[in-house]
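Visitor: what's the 3D shape of this:
(one chain, ligands or ions: 1)
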Amino acid sequence: MSFTDVFHRLDWGDLNLQIHEKKSADVQRALRARKRNLQDFMALISPAAEPFLESMAQESFRLTRQRFGKTIQLYIPLYLSNQCHNICTYCGFSLDNHIRRITLSQEQIHREAQAIRMMGFEHVLLLTGEAPGSVGMPYFRKALPLLKGYFAHISMEVQPLDQLDYEELINLGMDAVMIYQETYHQSAYAHYHLRGNKQDFFYRLETADRLGRAGVKKIGLGSLIGLENWRTDLFYTAAHLDYLQRNYWKTRYSISFPRLRPCEGEQQPRSLMNDQQLVQLICAWRLFAPEVELSLSTRESPSFRNHVVNLGITSMSAASSTQPGGYADSKQQALEQFAIDDNRSAAKVAAMIKDNNLEVVWKDHELRAHLA
Ligand code: SF4
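Guide: Have a look, this model is predicted:
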């Protein structure tokens, strides 16, 4: 049994129709429900829910404070490499983009880690492109113990791996893995992924199952908003979460909602989502899954992040550089995966969070202490 079995029972066109046929009464029923199911989530992300945004925001605020207290966790991405053997039409690291490629040496990783610790971060998200020869398990076996000396919590967003590899990485100190399907539209997925291992839709789809079986503490899910109809993609993501929570109930989950950003190569969004719709989505997630962490990256603008910090979000990245080596050497150029929008320092983002009467959590286990 894996999520593939659930996936084959779902039909994209049928779901898209169902979402757009939801009525005000369905939204009101979802708002009144004590525990919300996938049909409720569908109503809350539908166009019919747009007039109910204020009620959704109030309930999202209440549930978030009840479950997470007055906290926002801060983390920072650390790009270890921009080498990639894949062609993905929406990504600056794509093989067909002629950018300078770099994989950090152990000495460079030390320098990046020191620069990040100086900013106050204890939670780091490690990222690489998909180049198994240069950033595969042998590389991770050296990098993780090194980084464990600097950080209390390590998440990874790298190529999908086998269950045994995940078990080994957990023993080396990995706490969480982010794995985004990008789009659950199978034929469109083939259109965006033109070369390399990422073309294997089902190996990627089953990654969270392998992680669950390996016993990882936390799995992050999401879709790249803008590739295909965002409402349908997000419904699939919710079905994926629902399946995982039933089958790997000891694991915690987080959800991200990256919107397609400008990058080298310039894939234009096919499904636009405005700011109000992103607020609707954040609130819908909180109402559907009150216990799940909701994460917002620096892809979003400072004003948007300021606005939603109290509406359901529980973790944020800050001071991000998407260039390998970009923290120790800020002059690095022309290597980035995508353009970030919120360029504020960690101190400024922390100050914004405090101004909203919230406490900054730098370590993941501090957040769990709050939740205990
Ligand atoms: S999205 Fe990932 S796999 Fe695709 S080109 Fe970018 S780094 Fe490589």
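Visitor: Against residue 298, how distant is residue 116?
Guide: 14 Å (Cβ to Cβ, to the nearest Å). To be clear about C-beta, it is placed using only N, CA and C from the backbone, and glycine gets the same treatment.
Visitor: scratch that, residue 306 is what I was asking about
Guide: Using Cβ to Cβ, residue 306 is found at 13 Å from residue 298.
Visitor: For the nearest residue to residue 203 once chain neighbours are set aside, grab the count of nearby residues.
Guide: Residue nearest to residue 203 in three dimensions, not counting chain neighbours: residue 160, with 6.0 Å by Cβ to Cβ, 6 or more residues apart in numbering. Here the number of neighbours of residue 160 (other Cβ atoms under 10 Å) works out to 20.
Visitor: Mind listing what's buried along stretch 235-244?
Guide: Neighbour-count burial for stretch 235-244 flags 235, 236, 237, 238, 239, 240, 241, 242, 243, 244 (criterion: 16 or more other Cβ atoms under 10 Å).
Visitor: which one among the residues you listed gets closest to residue 183?
Guide: Distance to residue 183 across these (Cβ to Cβ) is lowest for residue 236, with 8.6 Å.
Visitor: ok, residue 306 and residue 298, which is more surrounded?
Guide: Higher neighbour count among residue 306 and residue 298: residue 298, with 24 against 17, using other Cβ under 10 Å.
Visitor: I figured residue 143 hits residue 109, correct?
Guide: Yes. Between residue 143 and residue 109 there is a contact at 5.9 Å, judged by Cβ atoms under 8 Å.
Visitor: Touching both of those two, which residues are there?
Guide: residue 80 (Cβ atoms under 8 Å, 6 or more residues apart in numbering).
Visitor: from the buried residues of stretch 235-244, which is closest to the ligand?
Guide: Nearest to the ligand among those is residue 237, at 17.1 Å by Cβ to the nearest ligand atom.
Visitor: Can you verify the closest one is assigned to a helix?
Guide: Yes. Judged by DSSP: H, G, I helix; E, B strand; the rest coil, residue 237 forms part of a helix.
Visitor: What sits closest to it if chain neighbours are left out?
Guide: Excluding the flanking residues, the one nearest residue 237 by Cβ to Cβ, 6+ apart is residue 223, at 5.2 Å.
Visitor: what sits against that neighbour?
Guide: Counting by Cβ under 8 Å, 6+ apart, residue 223 has contacts 180, 181, 182, 183, 184, 230, 233, 234, 236, 237, 257.
Visitor: could these go into a markdown table alongside secondary structure?
Guide: Listed next are these as a markdown table, based on three-state DSSP:
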| residue | secondary structure |
| --- | --- |
| 180 | coil |
| 181 | coil |
| 182 | strand |
| 183 | coil |
| 184 | coil |
| 230 | helix |
| 233 | helix |
| 234 | helix |
| 236 | helix |
| 237 | helix |
| 257 | coil |
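Visitor: Can you say which two of the residues you listed are spatially most distant?
Guide: Spatial extent of the contacts of residue 223 (Cβ to Cβ) is set by the pair 184 and 257 at 14.3 Å.
Visitor: doesn't residue 6 fall inside a helix?
Guide: Yes. Looking at residue 6 with three-state DSSP, it is inside a helix.
Visitor: Quick check, it in contact with residue 239.
Guide: Yes. Between residue 6 and residue 239 there is a contact at 6.3 Å, judged by Cβ under 8 Å.
Visitor: How many residues are close by the closest residue to residue 103 other than its chain neighbours?
Guide: Spatially, and ignoring its direct neighbours in sequence, residue 103 is nearest to residue 81 (3.9 Å; Cβ to Cβ, 6+ apart). When neighbours are defined as other Cβ under 10 Å, residue 81 has 23 of them.
Visitor: picking that back up, tell me the bridge partners for the residue nearest to residue 237.
Guide: For residue 223, the beta-bridge partners are residue 182 (DSSP bridges).
Visitor: how far away is it from residue 285?
Guide: Taken as Cβ to Cβ, the span from residue 223 to residue 285 is 12 Å.
Visitor: Then residue 75?
Guide: From residue 75 to residue 285 the distance is 18 Å (Cβ to Cβ).
Visitor: Please list the residues of the stretch 51-200 of the chain that sit near the ligand.
Guide: Residues of the stretch 51-200 of the chain that fall close to the ligand, judged by Cβ under 6 Å from any ligand atom: 84, 86, 88, 91, 93, 94, 129, 130, 198.
Visitor: Pull the most distant pair out of those.
Guide: The largest separation in those, counting by Cβ to Cβ, is between 93 and 198 at 11.4 Å.
Visitor: How are the strands of the stretch 251-372 of the chain distributed by residue range?
Guide: For the stretch 251-372 of the chain, the strands defined by DSSP state E, counting those that start in this stretch cover 252-256, 293-296, 315-317, 359-361.
Visitor: could I get the ones you listed as JSON lines with distance to the ligand, mean neighbour count and mean pLDDT?
Guide: Output for the strands of the stretch 251-372 of the chain, formatted as JSON lines (distance: least, Cβ to the nearest ligand atom, whole Å; neighbours: other Cβ atoms under 10 Å; pLDDT from 0 to 100):
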{"stretch": "strand 252-256", "distance to the ligand": "14", "mean neighbour count": "21", "mean pLDDT": "98"}
{"stretch": "strand 293-296", "distance to the ligand": "18", "mean neighbour count": "23", "mean pLDDT": "97"}
{"stretch": "strand 315-317", "distance to the ligand": "17", "mean neighbour count": "23", "mean pLDDT": "95"}
{"stretch": "strand 359-361", "distance to the ligand": "28", "mean neighbour count": "19", "mean pLDDT": "95"}
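Visitor: burial measure for residue 69, as a count.
Guide: Neighbourhood size, residue 69 [other Cβ under 10 Å]: 14.
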